[in-house]
Each structure stands twice: as C-alpha cells, then as structure tokens.
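>>> Using only what follows, build the 3D model:
(3 chains)
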Amino acid sequence: MVLELIGLVAFAASGGLAAVRARLDVFGVVVLAMTTALGGGIMRDLLLGVHPPTTLRSWPYLLVPALSGLLVFWAHPQVARLRVAMQLADAVGLGLVVTAGTTTALQHGVPAYTACLIGMTAGIGGGALRDVLLREIPMVLRKEIYAVAALAGAVVVAVGAWLGLPELWGTVVGAALVVTIRLLALWRRWNAPVPKA
Amino acid sequence: MVLELIGLVAFAASGGLAAVRARLDVFGVVVLAMTTALGGGIMRDLLLGVHPPTTLRSWPYLLVPALSGLLVFWAHPQVARLRVAMQLADAVGLGLVVTAGTTTALQHGVPAYTACLIGMTAGIGGGALRDVLLREIPMVLRKEIYAVAALAGAVVVAVGAWLGLPELWGTVVGAALVVTIRLLALWRRWNAPVPKA
Amino acid sequence: MVLELIGLVAFAASGGLAAVRARLDVFGVVVLAMTTALGGGIMRDLLLGVHPPTTLRSWPYLLVPALSGLLVFWAHPQVARLRVAMQLADAVGLGLVVTAGTTTALQHGVPAYTACLIGMTAGIGGGALRDVLLREIPMVLRKEIYAVAALAGAVVVAVGAWLGLPELWGTVVGAALVVTIRLLALWRRWNAPVPKA
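The predicted structure is shown next:
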C-alpha cells in the first residue's frame, strides 16, 4: 500500500511535469497528475465492470495524486531535478499497478491472456491518456521498453496463479521483473526496433 | 428539462462551431456537436455502470444536439455572432449537467467526494472530448474558471444531500452558483494561475 | 467468422500502416493494429455493459490483429501496395462489424435508434481511436462517406429486426449495403459537403 502510493506519486509527478511544460494552469496540472496516476486503474475497472472505479472511491488514492500535482505546480524546477529518483519510483509504480491489475482481473474469472492485457493496460493507460490530452503521440508507443516490461510482469502473475503459487509470489516476482527490465532499459538505453524506412 | 435541453444546444453549438473552424464535413460537424453535448453524460454513466448510457436511450437528447449541429453547419456565421447568448446558455447547461450528474451519482450510493468528481466529469467531459478529437489540448485544462465552477456546483449538491435538504435545493443553488462563477469569470476575465517559468 | 477475421486484418493493417508512417516502434505498431481492429468492439461492449469486452476474451480476435501488426511492421512496403485489396477488405470488415454490433445491441433490448448508434460506433470507433492516438483529427469526421455507410447498414439491421425478418437477412443485406456505399464512395470520390467559408 505504501509502495503503491509511492508509485502513484511518481506517475502523478510525470503527469504534472508534462502539464507544466505544456503551460497548463494550476487546475490543469492537478487534473493531469490525477489522470496519469489513476487513468490506468480506471480503464482496468471499466473493462472489468467495477462501478464506480475503485480509485474514485478511495480518498487516499485521490488525495495523494492531487497533492503531488499541487507540489509539482509550485516546485516544478526542484521536482524536475529528481530525475533518477522519479524513474525508480515510476518503475516501482508500474510494477505494482501491473501486478495488482492482473491479479484483480484474474479474480474476476477472465482467461489468463485477458488478465495480462488488462494488467498491462492498467500500467500504461494513465501515461497514454496524459500524452493524448497534451496532444502527443503516447510515449509508450514510440520508445523504450515500457509496455513490454509491463506485459512481462503481468505474465509472471498469470503463470504464478496457473501454477497455484500464493498470490504474493506473483506480485513480488512480477513487480521485481518489471523494475529490473525498466532500469536495464533506462541504463542501457534500450529501445524497441522501429520500422525500416 | 427545457432548461437542460437549452444547455445541450449550447454545448452542441460549441462543438459544431469548433468543427466548422477545423473544416470537418457535415457529418463531422454533427458528430462533434453530439459528442460535445452528450460526452460528459456518457462518461458519467460508464463510471456509474448505467448501460447503455441514458442519453443514448432518449431520443430528445439525441435529436436536439444533432439538429443543433446541422443548424451550425448551415448558419455558422450567424451562430458565431451570438457569442454572449451562447456563453450564458453554456453556463446554464454546465450548471444543470453538473448538478444532475452529482445527484445521479449520489443515488447510486457512492461516497460524496466520488459523486462530486463524477458530477464535475459530466460537466467538463464533453468539451474535453471535443478538444481531443480536434487535436487540441482541452481548454478546460488551460484557461478560465470552468472546472472549478463545475466542482463548486457539485459540492453544493453533495453538501445539500448530506444536510438532508430536498434535492431541488441542491440543484437550484448548485446550478446558480455555477452560472454565477462562470459569468463572473467571463466578465472579469478570471484565469487560474499558470506555473512560473 | 472467417469473413469477420478478414475484416479485422484490414482494420489492423490500416492501423499498422498509420503507425509505421508515424515512426512508432514495433510494439507501437502492434498496439495500433490491435487498437484499430478491436477498439470499436470494445466501445460497443463498454456502452452495453459487457464485461470484459468480448474481443478481449477470444484469442483469435487478439491473435489475428497482433500478427497482422507484426506483418505490417516487417513488410509495410508490400502491404502498402495492396491498396485496392485493403480497401475492399476494409469495406467488408466495416459491414460485418456494424451489422454484428447492431444485432448485439438489439439483443440487449435497447431501442432501435440506440442500437444503430452503437452499431455505427462499433464500426468507426477503432479508426477514430487510431487517429487520436496518432494525433490526427479522425478521418471519419473529415472526408469520404464512411460513417454514413456504417449508419445505413445499422439501419437495415434494425428495420429487418422490426419487420421480424430472420437475423441473417439483416446481416447480409446490411453488410452488402455498407460495402456497396463504401466502394461507390471510393470509386466516385464522394465526400460529404464541408461548411462554406
């Protein structure tokens, strides 16, 4: 839970910083922070038929991204300087959102491959929404090993559930795999191949 | 009901005029008008699990925005000149959509803060969708006191319900507050603060 | 079913080619292909309250667009040359997605005009999502007789159901009408009127 909120702070900060760069007003910065942090979970719940989405009913999940957005609005030069810490927190957030999303989907009785897709969507949906609202092609479609990391973590959770391992196993190993892939991708500047011209 | 349809006409006209400026064809103008007028209510119903969304099942709610879109297509220079009347109708529409959305959400038994967020989304979602479809950063994130006005109206409805006041009370006072804030914001050219560079 | 998958291949190829033109990476090309092929059906199911959306639970519906996306990634110059075949397959796909969507909506007991709107959305939603993700104004709003063809097919299905004709009747005649309108529009270069300046 605490780890998950740290992840939401990182997601929210990425949304808030993008909004600051786009010169949105204070309200826009807060909305972008909340959308980036919560968008993926809302998509997950819409796909699974959870009404209203869980995060909209839980005030810590609303308050933490909102306050993160306000903080970014006032202190964006300082926040922007914490790049490495933010990338680490973002990787942890991605790992936890993806594994939690996949587990939730499996609990709704969907097939394993459906659960993996929904878990991946939970992880990448918020960032994609952030980019669309700011009139950019979603970063996740253009570069870095981001969605593949999310998908790998989701597959670990699904395989663990299929093997009958305890839920915690999938969460820990899946999230660790996501974090590892993300940090390797950032460190080694891995990008997925682009089409030949 | 009549007031609500007037509000939908204003929402639809704003979508239709934006579509004309973007040089869409007649079908695009009508779709933009309908999307702007109905998008927020559809988002509200998707979040609350009302299937299919109410507005898609009610032919006046479909016909009025569609005809407004056609009217704008043919008479856009005249419609564009009615700027002040349109701004007033838009404010009234916002007030009614927000208060109705918040009331509907409360009737579904969600927490008060969730109802406020959903009511606000109902008010601003259509315009945001209009801007995304036309490849613009949503105006509501960039300028004017629009979303804050919506949120204030939603809070009035939620507080009224919490105090056990009759539903009409929240609707009237909440909508009046939205209209007042919007007109003051337009008259005084209020904008929310933007980040310092 | 085979025809429907051919239609999905055409939808997926249009998404994949657009992604190649936008220089997305291999993952982005596959996601765009899947989004374009499946987006309309997912919108239909979200509006009707089918959780999770049918196409996410059926592996051929996932695998065919994914493989189409990979194929486009590697062989896009060859695929781009098949323009006429692709336009034909796209027309067939549109016809089948629209008629299936309208039939599904009618089975959920919604009014006929609601079913037509939902069937049309199923047909045009994926392409609109493709364009928004690539930061373009949806083509369907700008030119060619695309959405009108979809709407015509949906109306045929609804009228057929109202007359008590067998379901297959509406599917065949509706889809044939969609294909006919689309091919005429392409051949004759029909466009809907744009607003006078």
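>>> now A:L48: how far from chain C?
6 Å (C-beta to the nearest C-beta, to the nearest Å). For the C-beta atoms, the positions are set from N, CA and C on the backbone; glycine is no exception.
>>> cool, A:Y146 as well?
For A:Y146 relative to chain C (C-beta to the nearest C-beta), the value is 8 Å.
>>> okay, now the nearest residue to A:G170 once chain neighbours are set aside: neighbour count?
Spatially, and ignoring its direct neighbours in sequence, A:G170 is nearest to A:G160 (3.4 Å; C-beta to C-beta, 6 or more residues apart in numbering or on different chains). A:G160 has 23 neighbours, counted by other C-beta atoms under 10 Å in any protein chain shown.
>>> got it, and the one 3 residues further on?
Here the count is done by other C-beta under 10 Å, and A:L163 has 9 residues near it.
>>> is it true that the residue nearest to A:G170 touches A:G174?
Yes. Look at A:G160 against A:G174 with C-beta atoms under 8 Å: they come within range, at 7.3 Å.
>>> Now the host helix or strand of the residue nearest to A:G170: buried residues?
Counting by DSSP states H and E, the element that carries A:G160 is helix A:147-162. Under the neighbour-count criterion of 16 or more other C-beta atoms under 10 Å in any protein chain shown, helix A:147-162 has A:147-158, A:160-161 buried.
>>> other SSEs contacting that helix?
Contact analysis of helix A:147-162 by 3 or more C-beta pairs under 8 Å, 6 or more residues apart in numbering or on different chains; DSSP states H and E lists helix A:83-107, helix A:112-133, helix A:167-188, helix C:26-48 as its packing neighbours.
>>> Could I have the CA atoms of it written out in PDB?
Extracted as PDB, the C-alpha positions of helix A:147-162 are listed here (Å, rounded to 0.1, in the frame of the first residue of the first chain):
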ATOM      1  CA  ALA A 147       4.900  -1.800 -22.300                       C
ATOM      2  CA  VAL A 148       6.900  -4.900 -22.800                       C
ATOM      3  CA  ALA A 149       8.100  -4.600 -19.200                       C
ATOM      4  CA  ALA A 150       4.500  -4.300 -18.100                       C
ATOM      5  CA  LEU A 151       3.500  -7.300 -20.100                       C
ATOM      6  CA  ALA A 152       6.300  -9.400 -18.700                       C
ATOM      7  CA  GLY A 153       5.200  -8.600 -15.100                       C
ATOM      8  CA  ALA A 154       1.600  -9.500 -16.000                       C
ATOM      9  CA  VAL A 155       2.600 -12.800 -17.500                       C
ATOM     10  CA  VAL A 156       4.600 -13.700 -14.300                       C
ATOM     11  CA  VAL A 157       1.400 -13.100 -12.200                       C
ATOM     12  CA  ALA A 158      -0.700 -15.200 -14.600                       C
ATOM     13  CA  VAL A 159       1.800 -18.100 -14.700                       C
ATOM     14  CA  GLY A 160       2.100 -18.000 -10.900                       C
ATOM     15  CA  ALA A 161      -1.700 -18.200 -10.500                       C
ATOM     16  CA  TRP A 162      -1.800 -21.000 -13.000                       C
END
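>>> avg pLDDT for that helix?
Mean pLDDT, helix A:147-162: 93.
>>> what's the offset of it from the middle of its chain?
With C-alpha atoms, centre = their mean, to the nearest Å as the basis, helix A:147-162 stands 14 Å off its chain's centre.
>>> And for stretch A:34-42?
The answer for stretch A:34-42 is 8 Å, by C-alpha atoms, centre = their mean.
>>> That stretch vs chain C: in contact?
No. With C-beta under 8 Å from any C-beta of the partner chain as the criterion, chain C is not reached by stretch A:34-42; the gap is at least 11.9 Å.
>>> Show me which residues of that stretch are buried.
Within stretch A:34-42, the residues scored as buried using 16+ other C-beta under 10 Å are A:M34, A:T35, A:T36, A:A37, A:L38, A:G39, A:G40, A:G41, A:I42.
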